[in-house]
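Enquirer: any chance you can model this:
(one chain, ligands or ions: 2)
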Amino acid sequence: MGKSRMRVCGHGASRGVATGPAFVMPGRPSVEKRVIAEEVVEAEIARLHAALQDAREELEALRDRAERELGAEEAAIFSAHLLMLEDPELVHRAEQYIRTERCNAEWAQKRAGEEIAAELAAIPDDYLRARADDVRDVSMRVVSLLSGVPRAALSKPDQPAIIVADELLASDIAHFDRSMILGIAMQTGSPTSHAAILARSMGLPAVLGAPGLLDAVRTGDVLVVNGDAGEVIINPDAAELATWEEQRRARDRRRQELQALSALPAATTDGHAVEVAANIGFPADVEPALAAGAEGVGLFRTEFLFLDRAAPPSEEEQFAAYSQVARALAGRKVIIRTLDIGGDKHLPWLAQENEANPFLGLRGARLCLWHQEVFRTQLRALLRASAEGNIWVMFPMISDVKEVLEIRRVVNEVSDQLAAAGVPHRVPTLGIMVEVPSAALTVEAFLDEVDFVSIGTNDLTQYTLAADRTNASVASLADPLHPAVLRLIAHVVEAVRQAGKWVGVCGDLAGDPVAAPVLVGLGVDELSMAASLIPEVKAAVRSLSFADARRLALRAKSCRTAGEVREVLQQVTA
Ligand code: PEP
Ligand code: MG
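Expert: Ligands and ions are numbered 1, 2, ... in the order given. From the prediction side, this is the model:
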């Protein structure tokens, strides 16, 4: 009898389609508690410290490999793991268990890690909740070393396969040989987890958070992982499998064709060109962005330099990072966004109040004006780096003109101080992010104060539709193609262009090849997106005339719902 077809639903965490045999990862080995003799307690603690040292070496090697093969953002995951490994609380608790319970180091370490992870997971904060996974990941690495089964020796498929697991941690994924993984299907996890970030940067289709997956799949079953729709199809019949395989091959072919054309400009068939730029988090992201066809950097999210570390980066460190990016771009423009912390992003070294609604609280420029010492250090580094390259600086989460007036006052003070000290610097072109409806609706009022505007559609969507961008239950409401969002964008673009100034879009909508023609039709100067999306967006812009794009934008704007907008766009791309 043939194996029966089944379908399990989850969240699409990395786009694309994978087909192939399943390789089900065995569960983690259970750790038994063993009572040890009083005399060997100190030796057991020494064994724990030796394993911590081995774990440190493994993580350093993983970090270096991730930096070489994946990128700076992925390497930062393992830098954060290194910090957690050294967390005095984690080490102290494990030691305490060995002493007070007189037990083996494996059990003590596992228990300490689980406790701290559970405490983090209970905090109503997505960023800290995601860190709970990291603590367990680090702790399991130490346990594996203690029990003599290094994580690097985890079972692996011996032919290319789709990895199926209850849970894969970021470091599990980094251990695999890329050529042996076709895709990932996980029973737990969310699209914002580090495992999802790694899957995306490795270009592996992935479905996460799929309950019932492990009951339904056995090693050797044939799977289709559909990362677009968030579904896993188990043992499709031959005809269905052939259809999916053809879809996968067609996507691969198209990706290769588009990559070959990625250096061409994004100009419509009648010659209207828009700038296409990359969103980056680290200086090391510039090179792959240029290779993908980026003409500059439209958003440098500087908060990645500040996250996952015990102390803030110094002025010199920031100056080095900003000038490195400017130099790597060799005269092309880089728009650097000042620290955007708050909401779902926290800094361990900054005292931040618990807020009932953090996305409506002290976030972005508000937090910078509150903690001016952090802001001023960043501004000093930015003004100094601006003397060395084509740097524009923008401020996030602006909702009122008085914030911009205050920011300008601080910028002028910093500039005067640098001048008085004889430090070379330049006040860069200054702009704001428009991502709050109040700023969008009154954008004219800001234009005397700033030279440019970049629209952050991720936040503009969440604030316009009152739908938390981190809450999966309202994800279907938070559609950036909703006519309310499009009308706000249209208003902003019209006002900025009338004032003869520059307007870009750096939210995720800019990287959606279906939406890009609408944004072009609305008249934006630039689209900025994750580097991997550039070839497809450029191709989408090249596929129609500016007149068609304008007609499309008009139709989209006058729809009643996001669903209607998507239908209109589908007719065009069909
Ligand atoms: C946005 O809100 O669209 C944006 C680009 O900023 P972030 O996603 O970093 O909040
Ligand atoms: Mg934002």
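Enquirer: where in the protein is pLDDT low?
Expert: Scanning the chain for pLDDT under 70 picks out 1-2, 28-29, 124-127, 149-155, 191-194, 308, 472, 573-574.
Enquirer: enumerate the residues of it near ligand 2.
Expert: Within reach of ligand 2 by C-beta under 5 Å from the ion, the chain has these residues: 435, 456, 459. C-beta: built from backbone N, CA, C; applies to glycine.
Enquirer: let's see 8 Å
Expert: 340, 364, 396-397, 433, 435, 456, 458-459, 507 (C-beta under 8 Å from the ion).
Enquirer: got the phi and psi for residue 234?
Expert: With angles defined as degrees, to the nearest 10, residue 234 sits at phi -110, psi 130.
Enquirer: renumber starting at 38 from here on
Expert: Will do, 38 is the new start, and the previous item becomes residue 271.
Enquirer: show me the contacts for the closest residue to it other than its chain neighbours.
Expert: Nearest residue to residue 271 in three dimensions, chain neighbours excluded: residue 43, at 4.4 Å (C-beta to C-beta, 6 or more residues apart in numbering). Residues near residue 43 by C-beta atoms under 8 Å, 6 or more residues apart in numbering: 253, 270-272.
Enquirer: which ones among these map onto helices?
Expert: Of the contacts of residue 43, the ones assigned to helices by DSSP state H are residue 253.
Enquirer: same question for the longest helix along the chain: list its buried residues.
Expert: The longest helix of the chain (DSSP H) is helix 78-106. Within helix 78-106, the residues that count as buried by 16 or more other C-beta atoms under 10 Å are 78, 81-82, 84-85, 88-89, 91-93, 95-96, 99-100, 103-104.
Enquirer: swap in stretch 276-291?
Expert: Across stretch 276-291, burial judged by 16+ other C-beta under 10 Å covers 278, 281, 285.
Enquirer: looking at those residues, spot the one nearest residue 329.
Expert: Ranked by distance to residue 329 (C-beta to C-beta), these are led by residue 285 at 21.3 Å.
Enquirer: check which helix or strand that closest one maps to.
Expert: When elements are assigned from DSSP states H and E, residue 285 belongs to helix 275-297.
Enquirer: show me what the helix or strand just after that helix is packed up against.
Expert: Following helix 275-297 in sequence order, the next helix or strand is strand 303-304 (DSSP H and E). On a contact count with 3 or more C-beta pairs under 8 Å, 6 or more residues apart in numbering; DSSP states H and E, strand 303-304 meets strand 310-317, helix 571-579.
Enquirer: run the chain-centre distance for strand 303-304.
Expert: Distance, stretch centre to chain centre, for strand 303-304: 26 Å (C-alpha atoms, centre = their mean, to the nearest Å).
Enquirer: same check, this time on stretch 306-313
Expert: Worked out by C-alpha atoms, centre = their mean, stretch 306-313 lies 28 Å from the chain centre.
Enquirer: buried stuff in that stretch?
Expert: Buried-residue list, stretch 306-313, by 16+ other C-beta under 10 Å: 309, 311-313.
Enquirer: who touches the residue most central in space within the chain in this structure?
Expert: With distances taken as C-alpha atoms, centre = their mean, the residue of the chain nearest its centroid is residue 234 (6.3 Å). Residues in contact with residue 234, defined by C-beta under 8 Å, 6+ apart, are 110-111, 114, 207.
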